[in-house]
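**Student:** What follows is a protein structure lacking sequence information:
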Ligand SMILES: [Ca+2]
């Protein structure tokens, strides 16, 4: 009803004010109706906010009832629900995720600048013993652990400052991907219930990605590790847990440390097949026969490896042959730009080390 009234006001206002150009006598009424429209829109906005807040409060209270059936410690549930608020900015960020308009070249320049490479190399050296032990335990080369750490949170410096519970409840309430965010909300409660984090310090990105690894709560439950053995899987503060959690994710998703991620290549003539589909994985000898060379123009190596050919920006952009490990990176994040940036940073770390 309010929508209808406001729309009518607005129509009346534009009609009157358009007339005003031709009939001076309409001016007074035009100003009056303009003010009236402005007033009703602002009243409506307040009304709308109040309605949203009330609906959100109902939604959260239903979540709390559901939480009570899941066997969590009631004290933890009460503490967790004490300060869950609707976060319109979270919903706005989710709706306004920019479509990718940049090229892979500029993405790599932004994601893997020289200072980040230098920092990655320095931090690798500083944490060498720990990283090498974890690399051995999980079968994941340390440079990939460092590259993901740098890519996800700038080596722990940018973890997000949103309340994880408020962000996830707001996104579930908004409803477009309710199940995804609700599952993550209850996973978040489980993390609190298991004592890995304190509710007051339970922070993450606007989407609910947490800590130095930027795991969503469901990923946390699947992959996070208590490597230092203090009883907490602490991906916020404890480097041992952060590195081991990253390594455990990759190794659980099929990483093989006998191989690498892929390589940039050149096409000497157009290729018939490309793309990440597993069905398009062919031996390097196949790609050699298709005229694919190393980036410097030499023949591809004689290794017995299957690879997919990808052209994230088409034939005129960068071209890569990527291996099984790249498919594992795609499970972490489905963006091929992301996968290439992790692989590229890992190469720079290797060269710089
Ligand atoms: Ca720990």
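**Tutor:** In hand now; what should we look at? Note that the coordinates shown come from a computational prediction; the quantities given were computed from them, not determined experimentally.

**Student:** what's near enough to touch residue 84?
**Tutor:** Contact analysis of residue 84 by CB atoms under 8 Å, 6 or more residues apart in numbering lists 60, 163, 165-166, 169. Just so you know, the C-beta spots here come from the backbone N, C-alpha and C atoms, and that holds for glycine as well.

**Student:** Can you flag which of those residues belong to strands?
**Tutor:** Among the contacts of residue 84, the ones falling in strands (DSSP state E) are residue 163.

**Student:** got the buried residues for stretch 230-246?
**Tutor:** By neighbour count with 16 or more other CB atoms under 10 Å, stretch 230-246 contains the buried residues 232-236, 238-246.

**Student:** Output those of these also counted as contacts of the ion.
**Tutor:** Here is what survives when these are matched to the ion using CB under 5 Å from the ion: 232, 234, 238, 241.

**Student:** Do I have it right that the third one meets residue 228?
**Tutor:** The one in question is residue 238. Yes: look at residue 238 against residue 228 with CB atoms under 8 Å: they come within range, at 5.8 Å.

**Student:** ok so, going back, mind putting the ones next to the ion among the buried residues of stretch 230-246 into a markdown table with pLDDT?
**Tutor:** Formatted as a markdown table, these follow (pLDDT from 0 to 100):
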| residue | pLDDT |
| --- | --- |
| 232 | 98 |
| 234 | 98 |
| 238 | 98 |
| 241 | 98 |
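
**Student:** Now render those residues as JSON lines, adding secondary structure.
**Tutor:** Formatted as JSON lines, those follow (DSSP: H, G, I helix; E, B strand; the rest coil):
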{"residue": "232", "secondary structure": "coil"}
{"residue": "234", "secondary structure": "coil"}
{"residue": "238", "secondary structure": "coil"}
{"residue": "241", "secondary structure": "helix"}
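
**Student:** Just put the residues you listed in CSV and tack on distance to residue 199.
**Tutor:** Shown next, in CSV, are those (distance: CB to CB, whole Å):
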residue, distance to residue 199
232, 14
234, 15
238, 18
241, 19
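
**Student:** Tell me the spacing between the residue nearest to residue 268 when sequence neighbours are not counted and residue 321.
**Tutor:** Spatial nearest neighbour of residue 268, excluding adjacent residues (CB to CB, 6 or more residues apart in numbering): residue 291 at 4.0 Å. Residue 291 is 13 Å from residue 321, where distance means CB to CB, to the nearest Å.

**Student:** of these two, who's got more company?
**Tutor:** Taking other CB atoms under 10 Å, residue 291 and residue 321 do not tie; residue 321 has more neighbours (22 against 12).

**Student:** hang on, the more buried one packs against residue 303?
**Tutor:** No: assessed by CB under 8 Å, residue 321 is found out of contact with residue 303, at 10.9 Å.

**Student:** so what sits against both of those two?
**Tutor:** residue 284.

**Student:** hmm, back to that, can you tell me which of the buried residues of stretch 230-246 is nearest residue 124?
**Tutor:** For the buried residues of stretch 230-246, the closest approach to residue 124 (CB to CB) belongs to residue 243, at 10.7 Å.

**Student:** State the pLDDT value of the closest one.
**Tutor:** Looking at residue 243, its pLDDT reads 98.

**Student:** Let me know the next secondary structure element after the helix or strand where it lies.
**Tutor:** Assigned by DSSP states H and E, residue 243 belongs to helix 239-252. Proceeding N to C from helix 239-252, the next assigned helix or strand is strand 262-267, under DSSP H and E.

**Student:** I'd like the next helix or strand past that next one.
**Tutor:** strand 282-283.

**Student:** what's the following helix or strand after that next one?
**Tutor:** Counting by DSSP H and E, what follows strand 282-283 is helix 284-289.

**Student:** Any buried residues in the helix or strand that that next one is followed by, and which?
**Tutor:** Per DSSP H and E, the first helix or strand lying C-terminal to helix 284-289 is strand 292-294. Residues of strand 292-294 classed as buried: residue 292 (neighbour count, 16+ other CB under 10 Å).
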